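S.K.: Model the structure of this input:
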Amino acid sequence: MKSPISDGLFLDYLQCKHKAYLKQTGKIGVKHDWEKYQESRDEKYRQRARAYFEQNHQMVPNPPANMAFVEIRKQKLSAATDISINNDNYNLTLDAIEIPSQSSSRSPIYDPVIFSPHTKITKQDKLLLAFHAIALSCEQKAESSSGTIIHGDRYSSSRVLLPSLIKIVVKIEKELIKMMESKTMPPLRLTGHCRVCEFQAGCAAGARDRDDLSLLKGLSVREIEALNKRGIFTVTQYSYSFRPRRARKLQARNIIKHHQSLNALAIRMQTIYVADKQQIPFAKVNVYWDVEGIPEENFYYLIGLLIDDGAGITMHSLWADSKADEKNIWESFLSIIDKYDDYVLFHYGSYEAKFVRQMTALYGGDSTLLDEVKARSYNVLSAIYGHIYFPTYSNDLKSIATFLGFKWSESDVSGLMSILWRRRWDQAKESKWKEYITIYNHEDCLALQAVQRTIAEMGRHTTDETDLSVKRVEDLKDDKPRGVFKKNEFYFPELEKINSCAYFDYQHSRVYCRSNGDNKKRPCVKVSPRQWE
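M.R.: This next block holds a predicted model:
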């Protein structure tokens with residue numbers, strides 16, 4: 001007898017198939033702080049959104065919770081919240097349902113409504129809405145063509161068409177039911193969700209024990225499946241597939257490709273491979289900066305600057321208490337940069353470049369200074385991607401800086417944790433949360449400095465003059481065994497005769513291609529060794 005699908009199991013399957021299997025079999029992990037925060041935030045938002053929905057639809061205050069759909073239809077309610085659905089296929093509670101204005105009065109069809117705390121609607125929100133629509137269709141024996149997502153602090157209402165989403169969800173449900181019935185564990189694939197998953201430690205240890213390809217963050221699921229079909233299942237196996245190729249054509253078209261197989265080779269050999277040396281910009285003043293923000297809200301609240309002018313190092317932490325202070329920290333940032341004539345703004349990734357574009361559009365500034373800031377900005381990641389291969393599973397700042405010996409004060413620190421700390425500061429205004437964020441931001445600037453200096457040193461010196469194990473990709477051809485294709489020498493003369501016969505038979509049975517019209521087709525005649533003894 002198959003088990004009904006809950007909305008929690010469905011969401012787990014969207015995040016990670018392996019996680020859904022573990023949860024379905026009763027496994028319990030250690031929940032991450034971010035996951036706890038999300039659950040608490042979602043529950044509080046549902047309560048507020050439910051009150052808003054009931055007020056907007058002029059419903060009876062505090063209606064009974066977990067009402068069955070049959071009871072709602074009997075009472076002929078135009079809208080309801082917390083609807084319980086329990087049958088052989090589904091076991092879940094819908095956030096809300098409503099009868100749209102265009103529905104027939106004789107046989108009304110209810111549309112699903114979900115409450116999402118996200119300011120921007122995500123793909124997961126849309127799929128969850130379609131999942132609720134399918135569960136609702138089992139009760140009312142009719143399929144909804146659309147649904148509503150109430151989202152964000154302003155309770156924005158967005159209408160979503162469902163037919164195309166329902167097709168996707170039906171396929172997901174079939175996969176989920178097959179997994180539940182067969183009780184077969186899906187293959188372990190490390191994803192971005194792993195960093196906040198309750199089963200993170202166990203999955204990471206299992207992937208390392210198997211040397212799984214998903215350890216390489218740059219490989220997609222499709223690429224991993226394609227490699228598996230070729231018989232490649234581990235990072236070590238993948239490392240042997242790298243073959244140096246000429247890069248002239250790619251360079252002529254300005255195409256930069258990051259070879260994951262070379263990354264795997266760097267991990268196996270614990271060596272830094274340099275495809276081509278990058279010239280890091282040089283100036284009298286080096287500025288290392290890092291911006292902290294909440295992407296979902298397009299809110300930037302901290303700009304960290306580490307300024308090295310040759311005589312000493314100066315650190316600035318520009319903090320915004322609210323969205324209203326965003327303009328102030330932007331203007332402070334420009335005033336600090338305007339003091340220097342010859343400088344380079346080093347950052348890691350595209351987040352800071354996006355910050356400059358958005359702040360320029362919102363708050364502006366001196367056009368000459370803004371053009372100079374953009375011209376003097378340099379993304380250190382661009383000097384690594386496709387050019388330098390560190391023996392790390394990812395090219396993120398923390399992985400590379402950790403390999404170079406840099407250590408953060410907090411072991412579990414990340415961008416997500418900084419957002420969590422900011423949320424806690426917003427709620428309690430405790431100084432310790434602000435201190436955690438500023439220290440993390442400052443250490444990111446120091447880590448960026450360490451990575452930039454290493455790359456600059458590799459560009460200035462030869463590989464023998466550095467403390468790290470560094471090798472140029474063009475020298476890899478010397479590692480290949482030489483003299484493989486040569487005349488074999490056999491200890492027994494009989495083996496030499498057998499080998500000659502085999503080669504003669506191969507030459508007469510191979511396929512020949514015409515090079516011009518004058519050559520006639522040569523007949524392929526198999527001659528056994530006995531005929532020419």
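S.K.: tell me which residues in stretch 213-223 are buried?
M.R.: Going by neighbour count (16 or more other CB atoms under 10 Å), the buried part of stretch 213-223 is Leu213, Ser214, Leu215, Leu216, Lys217, Leu219. For the C-beta atoms, the positions are set from N, CA and C on the backbone; glycine is no exception.
S.K.: what's stretch 149-158 in contact with?
M.R.: 49, 52-53, 113-121, 125-126, 129, 148, 160 (CB atoms under 8 Å, 6 or more residues apart in numbering).
S.K.: Point out the ones among the residues you listed that are inside helices.
M.R.: Ala49, Tyr52, Phe53, Asp125, Lys126, Leu129 (DSSP state H).
S.K.: I'd like the average pLDDT over the host helix or strand of Gln358.
M.R.: Using DSSP states H and E, Gln358 falls within helix 351-363. Across helix 351-363, pLDDT averages out at 95.
S.K.: then stretch 320-340 to PDB, C-alphas only?
M.R.: Presented in PDB, the C-alpha positions along stretch 320-340 are these (Å, rounded to 0.1, in the frame of the first residue of the first chain):
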ATOM      1  CA  ALA A 320      23.400  50.900   7.200                       C
ATOM      2  CA  ASP A 321      20.800  50.400   9.900                       C
ATOM      3  CA  SER A 322      18.000  50.500   7.400                       C
ATOM      4  CA  LYS A 323      17.200  51.000   3.700                       C
ATOM      5  CA  ALA A 324      17.100  54.800   4.300                       C
ATOM      6  CA  ASP A 325      20.900  54.600   5.200                       C
ATOM      7  CA  GLU A 326      21.900  52.900   2.000                       C
ATOM      8  CA  LYS A 327      22.500  56.200   0.300                       C
ATOM      9  CA  ASN A 328      24.700  57.400   3.100                       C
ATOM     10  CA  ILE A 329      27.100  54.400   3.000                       C
ATOM     11  CA  TRP A 330      27.300  54.800  -0.800                       C
ATOM     12  CA  GLU A 331      28.300  58.400  -0.500                       C
ATOM     13  CA  SER A 332      30.800  57.600   2.200                       C
ATOM     14  CA  PHE A 333      32.300  54.900   0.000                       C
ATOM     15  CA  LEU A 334      32.700  57.400  -2.900                       C
ATOM     16  CA  SER A 335      34.300  60.000  -0.600                       C
ATOM     17  CA  ILE A 336      36.900  57.500   0.700                       C
ATOM     18  CA  ILE A 337      37.800  56.400  -2.800                       C
ATOM     19  CA  ASP A 338      38.000  60.000  -4.100                       C
ATOM     20  CA  LYS A 339      41.000  60.600  -1.800                       C
ATOM     21  CA  TYR A 340      43.300  58.400  -3.900                       C
END
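S.K.: which outside residues touch that stretch?
M.R.: By CB under 8 Å, 6+ apart, the residues outside stretch 320-340 that reach it are 284-285, 287, 297, 299-303, 305, 307, 309, 316, 318-319, 343, 345, 359, 362-363, 365-366, 369-370, 373.
S.K.: what do you get for stretch 447-466?
M.R.: Here stretch 447-466 makes contact (CB under 8 Å, 6+ apart) with 272, 274, 277-280, 282, 286, 288, 290, 306, 308, 346-348, 380, 383-384, 388, 397-398, 400-401, 404-406, 408, 468, 470-472.
S.K.: re the thing from before, which one among the buried residues of stretch 213-223 gets closest to Thr93?
M.R.: Thr93 has its nearest neighbour among these in Ser214, at 33.9 Å by CB to CB.
S.K.: I figured that closest one hits Ala207, correct?
M.R.: Yes - the pair Ser214 / Ala207 is scored as a contact, 6.2 Å apart, by CB atoms under 8 Å.
S.K.: So for stretch 264-280, first residue to last residue, what's the gap.
M.R.: By CA to CA, to the nearest Å, the extent of stretch 264-280 from end to end equals 25 Å.
S.K.: List the buried residues in that stretch.
M.R.: For stretch 264-280, the neighbour count (16+ other CB under 10 Å) marks Ala264, Leu265, Ala266, Ile267, Arg268, Thr271, Ile272, Tyr273, Val274, Ala275, Gln278, Ile280 as buried.
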